[in-house]
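Asker: Coordinates only, no sequence provided:
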């Protein structure tokens, strides 16, 4: 009797775990094919170099190379509370740009990392 009860409880636990995993996956990737919706007032900031940007970039992205953030980002994003999504090729420069923008007082920053990984997940 106890053995049957244990088996039923294990099955219920497995079903609950599977339901939670499905819920998490649907929440993360949703019905839109895994694309992330940016807020209407968001700025998509490409911090690669101009030649990389000219070779191809995500539609709607604004170029501000990571090594010019301190001098140029204020003209592109004057409101320091604007949601800014920052990316580069691999993620290294976007991390540097995020830290520089934090020091400048920007508060709503999301480091998207590398372009190749994120291009498929962005939509505006």
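Answerer: Cool, got the structure. These figures come from a predicted structure and were not determined experimentally.
Asker: So, low pLDDT: which residues of this structure?
Answerer: Judged by pLDDT under 70, the chain has its weakly predicted residues at 1-2, 4-10, 12-35, 115-124.
Asker: What are the structural domain limits within it?
Answerer: As given by automatic domain parsing, the domain ranges for the chain are 1-31, 36-123.
Asker: which residues sit in contact with residue 49?
Answerer: With contacts taken as Cβ atoms under 8 Å, 6 or more residues apart in numbering, residue 49 has the following neighbours: residue 65. C-betas here are computed from N, CA, C, even on glycine.
Asker: Provide the backbone phi and psi angles at it.
Answerer: In this entry, residue 49 is assigned phi and psi values of phi -80, psi 160 (degrees, to the nearest 10).
Asker: got it, and residue 105?
Answerer: The phi/psi pair for residue 105 (degrees, to the nearest 10) reads phi 100, psi 10.
Asker: How about residue 88: which residues does it bridge to?
Answerer: For residue 88, the beta-bridge assignment (DSSP bridges) gives partners residue 114.
Asker: That one touches residue 94, doesn't it?
Answerer: Yes. Applying Cβ atoms under 8 Å as the test, residue 88 and residue 94 come out as touching, 4.5 Å apart.
Asker: so what sits against both of the two?
Answerer: Contact criterion Cβ under 8 Å, 6+ apart; residues bridging residue 88 and residue 94 by contacting each: 47, 66, 113-114.
Asker: Now, of the residues you listed, which are buried?
Answerer: For these, burial is judged from neighbour counts taken by 16 or more other Cβ atoms under 10 Å, and it is met by 47, 66, 113.
Asker: Now do the helices in the protein.
Answerer: Counting by DSSP state H, the chain forms helices over residues 2-29, 50-55, 69-76, 92-103, 115-118, given from the N-terminal end onward.
Asker: Might you report the residue contacts of residue 111?
Answerer: 86-87, 91, 94-95, 98.
Asker: Turn those residues into a markdown table, columns for distance to residue 11 and neighbour count.
Answerer: A markdown table is the format used below for the contacts of residue 111 (distance: Cβ to Cβ, whole Å; neighbours: other Cβ atoms under 10 Å):
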| residue | distance to residue 11 | neighbour count |
| --- | --- | --- |
| 86 | 46 | 28 |
| 87 | 44 | 28 |
| 91 | 42 | 17 |
| 94 | 45 | 27 |
| 95 | 45 | 16 |
| 98 | 46 | 21 |
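Asker: Cool, thanks, signing off.
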